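1. When you get a sec, could you give me coordinates for this:
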Amino acid sequence: MYDQGEECYYLVEFADTQGREYAMATLTANELLVLHYELAIA
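-> The predicted structure is shown next:
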């Protein structure tokens, strides 16, 4: 998280299921959508 006065920015890393990063972005709070993921073992 980067605090720039009145605005905060978040460094977000996108990774595949093997943990390999394939993208990174700096986003503001209103650009984020929090997802909750639970691994279901069949």
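2. Now do Tyr2, the pLDDT please.
-> Tyr2 is assigned 78 on the pLDDT scale.
3. next one: Val34
-> Reported pLDDT for Val34: 83.
4. now Ala42
-> Note for Ala42: predicted pLDDT of 66.
5. again with Ala29
-> 88.
6. residues contacting it?
-> By Cβ atoms under 8 Å, 6 or more residues apart in numbering, the residues touching Ala29 are Cys8, Tyr10. Heads up, the C-betas are built off the backbone N, CA and C, glycines and all.
7. run the last query once more with 7 Å
-> Cys8 (Cβ atoms under 7 Å, 6 or more residues apart in numbering).
8. Tell me the gap between the helix or strand where Leu11 lies and the middle of its chain.
-> In the assignment (DSSP states H and E), Leu11 maps to strand 7-15. When C-alpha coordinates are averaged (Cα atoms, centre = their mean, to the nearest Å), strand 7-15 and its chain have centres 5 Å apart.
9. same question, stretch 13-26
-> 9 Å.
10. Can I get that stretch as PDB, trimmed to CA atoms?
-> Presented in PDB, the C-alpha positions along stretch 13-26 are these (Å, rounded to 0.1, in the frame of the first residue of the first chain):
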ATOM      1  CA  GLU A  13       0.000  -9.000  -8.100                       C
ATOM      2  CA  PHE A  14      -1.900 -11.500 -10.300                       C
ATOM      3  CA  ALA A  15      -0.600 -15.100 -10.200                       C
ATOM      4  CA  ASP A  16      -1.500 -18.400 -11.700                       C
ATOM      5  CA  THR A  17      -2.400 -21.500  -9.700                       C
ATOM      6  CA  GLN A  18       1.300 -22.400  -9.600                       C
ATOM      7  CA  GLY A  19       2.200 -19.100  -7.900                       C
ATOM      8  CA  ARG A  20       3.900 -17.600 -11.000                       C
ATOM      9  CA  GLU A  21       3.200 -13.800 -11.400                       C
ATOM     10  CA  TYR A  22       1.800 -12.800 -14.800                       C
ATOM     11  CA  ALA A  23       0.700  -9.200 -14.100                       C
ATOM     12  CA  MET A  24       1.100  -6.400 -11.600                       C
ATOM     13  CA  ALA A  25      -0.900  -3.200 -11.300                       C
ATOM     14  CA  THR A  26      -1.100  -0.200  -9.000                       C
END
